[in-house]
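Novice: This is the structure alone, sequence omitted:
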């Protein structure tokens with residue numbers, strides 16, 4: 001399984017009332033679990049910066065990770081960036097091969 005980060009920026013109308021976020025978040029998670037059952041969630045954070053949320057998760061491949069981002073966009077995200085993450089120890093191992 002590969003590790004991914006999803007950085008999400010909500011559309012202005014979605015971010016306007018934070019009290020509705022819990023229900024919208026549940027809708028999002030239910031849809032992701034239904035469409036991407038192999039995704040394993042590691043962490044979920046509110047971001048005080050240019051994005052609103054950061055999710056860390058494991059997925060089988062880039063296609064499954066892309067589905068997670070597309071679901072986010074379909075449920076009110078203005079943008080959804082997916083980054084592939086490499087554990088630091090793996091990086092050190094690869095660096096020795098260079």
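Specialist: Yep, it's here. This structure is a prediction, so every number in the text was calculated from the model and none was measured.

Novice: Can you list the buried residues in the helix or strand bottoming out on mean pLDDT in the chain?
Specialist: In the chain, the helix or strand scored least confidently by mean pLDDT, DSSP states H and E is helix 12-15, which has a mean of 84. Buried positions in helix 12-15, judged by neighbour count with 16 or more other CB atoms under 10 Å: residue 14. Every residue, glycine included, has its C-beta placed from N, CA and C.

Novice: following that helix, which helix or strand shows up next?
Specialist: Next in sequence after helix 12-15, counting helices and strands by DSSP states H and E, comes helix 21-35.

Novice: Check which helices and strands the least confident helix or strand of the chain sits against.
Specialist: Helix 12-15 is packed against strand 77-85, with contacts defined by 3 or more CB pairs under 8 Å, 6 or more residues apart in numbering; DSSP states H and E.

Novice: Mind listing what's buried along the strand it packs on?
Specialist: 77-78, 80, 82.

Novice: Next: stretch 41-60.
Specialist: Using 16+ other CB under 10 Å as the test for burial, stretch 41-60 gives 51-59.

Novice: Average pLDDT for that stretch, rounded please.
Specialist: In this model, stretch 41-60 carries a mean pLDDT of 97.

Novice: what does it contact?
Specialist: 1-10, 15, 36, 38-40, 65, 68, 79, 81, 85 (CB atoms under 8 Å, 6 or more residues apart in numbering).

Novice: hang on, residue 95 in a helix?
Specialist: Yes: Residue 95: assigned to a helix according to DSSP: H, G, I helix; E, B strand; the rest coil.

Novice: circling back: need the contact partners of the least confident helix or strand of the chain.
Specialist: With contact meaning CB under 8 Å, 6+ apart, helix 12-15 is reached by 24, 52, 76-78.

Novice: Does residue 50 belong to a helix, a strand or coil?
Specialist: Once three-state DSSP is applied, residue 50 turns out coil.
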